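*Asks:* Next input, structure requested:
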Amino acid sequence: MSVLLQQLANGVVQGALIALIALGYTMVYGIIQLINFAHGEVFMVASYGGLATFTLLPDDLKKSPAVALPLMFVGGIVVAVVVAVIMERFAYRPLRNAPRLAPLITALGVSVFLQEAVRVFYPNAKSNLPYPKVFPEGNLTIGSVNISWTGIMLVVLSVGLAVILQTYINRSRMGRAMRATAQDPDTAKLMGVNPDRVIVLTFIIGAVLAGVAGIMFGGYLNNINIDMGFQNGIFAFTAAVLGGVGSIRGAVIGAFIIGLIKTVAGQYMPGGTQYDYVWIFVVLILVLVFRPQGLFGEPERVRA
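*Replies:* Predicted coordinates:
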């Protein structure tokens, strides 16, 4: 029982990380119906951006986590936002009215480009790089379950940012513009909504969340590598589909489900961690067979 409880706790932390990335997938798809497969690489470059920020700090600031950690968040988020805005402007905007296959292939190309750019230009990126120990050390122990303070911080940030985002989408003026653009972009444009500004803001919000996830990933696992974007991007995309693409609540709940499946199945199911992808996609297929729109998604309405 103690092992099960520990794996459930690990799954919640893993799900919190996936949720931060999945929100970017679901928001972009909800606005422009684009599956942005490069979003995982935005998460990856943010993590490297945070590491580069720490490397450039003076030695006295490196010794102060209260200063170094916020600066790493700022550096990682700035890198993620810049990459996302450039990606939207030059890779996706020219293809906005193209057949859906064109931007999908472009997203895959951008993903490969970003991964290879980091591999070539970032020092020693071909191997795992240790992440600075600027996060709170130690664990919270509840009975036989141990959760690192970094993991708790990750869960709190993930849930808190998801709630803030949901509130922003539902109650702010720009949030209403986002919902209007998602429902009917042509009518929204006639009502004075600037679709370009809405789409750019959507990419920026997704990049900020991916930036936070990238820094937290490095702090939680203590190392980063160039493959982390693809691996976690697959989990995040699966979570968004499982919860219902376009649904913020669905993306978060789907992410926690994926995290729990990954850790529990890796412990108890045949094949161990080598087959955790298999069990995740088995659950996804079963859900989509009976509910194609996902757990919280709405059936697609076809306009005449």
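*Asks:* Mind giving me the packing neighbours of the longest helix along the chain?
*Replies:* Looking across the chain with DSSP state H, the single longest helix is helix 2-32. Packing partners of helix 2-32 (3 or more CB pairs under 8 Å, 6 or more residues apart in numbering; DSSP states H and E): helix 39-56, strand 145-148, helix 149-171, helix 173-183, helix 195-221, helix 228-243, helix 248-268. Quick note: C-beta positions are derived from backbone N, CA and C, even for glycine.
*Asks:* Which elements pack onto the fifth one?
*Replies:* Going back to what we said before, that points to helix 195-221. Applying 3+ CB pairs under 8 Å, 6+ apart, one finds that helix 195-221 makes contact with helix 2-32, helix 39-56, helix 65-87, helix 149-171, helix 173-183, helix 185-190, helix 228-243.
*Asks:* packing partners for whatever helix or strand comes next after that helix?
*Replies:* Remark: after helix 195-221, the chain's next helix or strand is strand 223-224, criterion DSSP states H and E. Helices and strands touching strand 223-224, by 3+ CB pairs under 8 Å, 6+ apart, are helix 39-56, strand 129-130.
*Asks:* Comparing these, which stretch has the densest surroundings?
*Replies:* Mean neighbour count (mean count of other CB atoms under 10 Å) peaks for helix 39-56 among the helices and strands packed on strand 223-224, with a mean of 26.
*Asks:* model confidence over that helix, on average?
*Replies:* Averaged over helix 39-56, pLDDT sits at 96.
*Asks:* Trp149: how many residues sit nearby?
*Replies:* Per other CB atoms under 10 Å, the neighbour tally for Trp149 reads 13.
*Asks:* And Val13, by the same measure?
*Replies:* So Val13, with other CB under 10 Å, has 23 neighbours.
*Asks:* which ones are touching it?
*Replies:* By CB atoms under 8 Å, 6 or more residues apart in numbering, the residues touching Val13 are Ile147, Gly151, Leu154, Val155, Tyr220, Gly259.
*Asks:* Give me the distance between the last one and Gly15.
*Replies:* Just to be clear, that refers to Gly259. 3 Å (CB to CB, to the nearest Å).
*Asks:* For these two, indicate the residue with more neighbours.
*Replies:* Gly15 (27 against 24).
*Asks:* Can you tell me how far the more buried one is from Val163?
*Replies:* From Gly15 to Val163 the distance is 15 Å (CB to CB).
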